[in-house]
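A.B. asks: sequence and predicted structure are below.
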Amino acid sequence: MKKPDIGKLKEQAKQLRRDILTMLSEAGSGHTGSSLSCVELIFSLYSYKLRYNAKDPYWEERDRFILSKGHGCPTLYAVLAHFGFFLKDKLKTLRQIGTLLQGHPQLGLPGIEASTGSLGQGLSVANGMALSARLDKKDTRVYCLLGDGEINEGQVWEAAMTAAHYSLDNLCAIIDYNKLQIDGFLCDVKDMFELTKKWEAFGWNVIEIDGHDFTQIMDSLDRAEKVKDKPTIIIAHTIKGKGVSFIENKAEWHGIAPKPDELKCALRELD
Ligand SMILES: Cc1ncc(C[n+]2csc(CCOP(=O)(O)OP(=O)(O)O)c2C)c(N)n1
Ligand SMILES: [Mg+2]
């Protein structure tokens with residue numbers, strides 16, 4: 001696929017951030033820092049790499065994207081709406097009773113491939129999808145976005161061993177490496193030390209990038225596709241709350257939504 005224009009992607013990312021902040025503020029709850037952290041990562045996948053048909057979301061030949069850090073779903077919802085999986089108007093229903101746009105992704109909403117939110121499980125689901133694609137002799141690729149605090153979960157490392165054991169080269173995991181989790185910095189809560197060495201030791205091909213730089217993200221996705229006999233992990237350095245000065249890099253903004261006056265200030269910064 002041809003690479004989209006970077007200037008245009010940056011403008012659209014700004015609009016996505018406005019949409020995310022607005023829907024969170026209207027809902028009155030949700031994960032603001034976590035959502036703003038992964039805008040470029042998720043948007044690059046849907047703009048450049050994933051094969052899908054928004055009008056036929058269950059098209060058999062589609063690639064799969066699993067948002068293992070399910071609490072970041074406002075970003076996924078905004079991107080899915082941007083690409084026409086459902087009407088943008090639906091974003092207003094975030095977290096309301098009866099909507100499919102719940103606080104964590106759930107099956108049934110077009111574009112959602114797995115119900116996630118209980119951290120640590122998404123990579124195992126992605127493994128299953130990648131293995132079954134191979135058994136069916138399909139060239140489906142599977143992508144899975146994990147939080148860096150999420151990989152404190154033991155199940156992630158079981159899944160990491162499984163993917164390497166089965167040489168799942170149709171699987172690409174991405175870590176949103178914002179160095180923060182729910183209530184503090186990773187190094188204070190539970191340090192992961194040398195991530196690159198850890199994943200290499202588990203048998204993965206590792207690529208390290210700036211997770212807000214569209215060129216680096218798209219290049220890394222291209223490189224991942226060329227690696228044979230190993231799964232790839234992209235360790236994407238990010239800033240939690242990216243784009244809004246008073247939200248950036250603050251654990252307090254992990255799981256709260258902007259109040260009306262805060263929304264006003266945030267939108268002004270994203271003008
Ligand atoms: C199994 C499980 N334990 C705890 C939680 C509560 N929880 C939600 S988000 C979060 C922190 C996640 O941090 P990280 O993976 O770094 O994601 P970020 O928000 O920084 O992108 C926690 C502990 C959960 N959702 N699932
Ligand atoms: Mg984090």
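C.D. replies: All right, it came through fine. Ligands and ions are numbered 1, 2, ... in the order given.
A.B. asks: and E40, how far is that from E200?
C.D. replies: Remark: distance between E40 and E200 (CB to CB, to the nearest Å) = 25 Å. (Each C-beta comes from the backbone N, C-alpha and C, glycine too.)
A.B. asks: which ones are touching W199?
C.D. replies: With contact set as CB atoms under 8 Å, 6 or more residues apart in numbering, W199 has these partners: A160, V206, I233, I235.
A.B. asks: K138 in helix, strand or coil?
C.D. replies: Put simply, K138 is coil when judged by DSSP: H, G, I helix; E, B strand; the rest coil.
A.B. asks: backbone phi and psi for the nearest residue to G184 once chain neighbours are set aside, please?
C.D. replies: In this structure, G184 finds its nearest non-sequential neighbour in A251, 5.2 Å apart by CB to CB, 6 or more residues apart in numbering. Backbone torsions of A251, given as degrees, to the nearest 10, read phi -60, psi -30.
A.B. asks: surely A251 and L186 touch.
C.D. replies: No. A251 is beyond contact range of L186, at 10.5 Å (criterion: CB atoms under 8 Å).
A.B. asks: with neighbour numbers in mind, choose between these two.
C.D. replies: L186 (20 against 17; other CB atoms under 10 Å).
A.B. asks: skipping adjacent residues, who's closest to the more buried one in space?
C.D. replies: L186 sits nearest to K179 (CB to CB, 6+ apart), 5.5 Å away.
A.B. asks: equivalent analysis for L131, please.
C.D. replies: Nearest to L131 is Y166, by CB to CB, 6+ apart, at 6.0 Å.
A.B. asks: quick one: contacts for the residue in the stretch 1-150 of the chain that ligand 1 sits nearest to?
C.D. replies: Nearest residue of the stretch 1-150 of the chain to ligand 1: G147, at 1.9 Å (CB to the nearest ligand atom). Counting by CB under 8 Å, 6+ apart, G147 makes contact with S34, S68, K69, G72, L119, I175, D176, N178, Q181.
A.B. asks: from the residues you listed, which are also near ligand 2?
C.D. replies: Residues of the contacts of G147 in contact with ligand 2 (CB under 5 Å from the ion): N178, Q181.
A.B. asks: need the three-state assignment for I20.
C.D. replies: With three-state DSSP as the basis, I20 sits in helix.
A.B. asks: count the residues that sit near it.
C.D. replies: Other residues near I20 number 27, with proximity taken as other CB under 10 Å.
A.B. asks: how far away is it from ligand 2?
C.D. replies: 16 Å (CB to the ion, to the nearest Å).
A.B. asks: how about A78?
C.D. replies: When A78 is compared with ligand 2 (using CB to the ion), they lie 19 Å apart.
A.B. asks: likewise W157?
C.D. replies: For W157 relative to ligand 2 (CB to the ion), the value is 17 Å.
A.B. asks: so what's that residue up against?
C.D. replies: Here W157 is in contact with I151, F202 (CB under 8 Å, 6+ apart).
A.B. asks: just the buried residues of the stretch of helix or strand it belongs to, please?
C.D. replies: Element membership of W157, judged by DSSP states H and E, is helix 154-165. Residues Q155, V156, W157, A159, A160, T162, A163, A164 are the ones in helix 154-165 that count as buried (16 or more other CB atoms under 10 Å).
A.B. asks: in what helix or strand does N127 lie?
C.D. replies: Short version, using DSSP H and E: N127 is in helix 122-135.
A.B. asks: same thing with I234?
C.D. replies: strand 232-237.
A.B. asks: what lies in contact with that strand?
C.D. replies: 41, 169, 171-177, 195-196, 199, 204-211, 217, 220-221, 223-224.
A.B. asks: with only the CA atoms kept, save the helix or strand following that strand in PDB.
C.D. replies: Next along the chain after strand 232-237, taking DSSP H and E as the criterion, comes helix 260-269. Taking C-alpha atoms only, helix 260-269 is exported to PDB below (Å, rounded to 0.1, in the frame of the first residue of the first chain):
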ATOM      1  CA  PRO A 260     -15.900  20.900  30.700                       C
ATOM      2  CA  ASP A 261     -13.300  23.600  31.500                       C
ATOM      3  CA  GLU A 262     -10.400  21.200  31.000                       C
ATOM      4  CA  LEU A 263     -11.900  20.100  27.700                       C
ATOM      5  CA  LYS A 264     -12.000  23.700  26.600                       C
ATOM      6  CA  CYS A 265      -8.300  24.200  27.400                       C
ATOM      7  CA  ALA A 266      -7.300  20.900  25.800                       C
ATOM      8  CA  LEU A 267      -9.200  21.700  22.500                       C
ATOM      9  CA  ARG A 268      -7.600  25.100  22.400                       C
ATOM     10  CA  GLU A 269      -4.200  23.400  22.500                       C
END
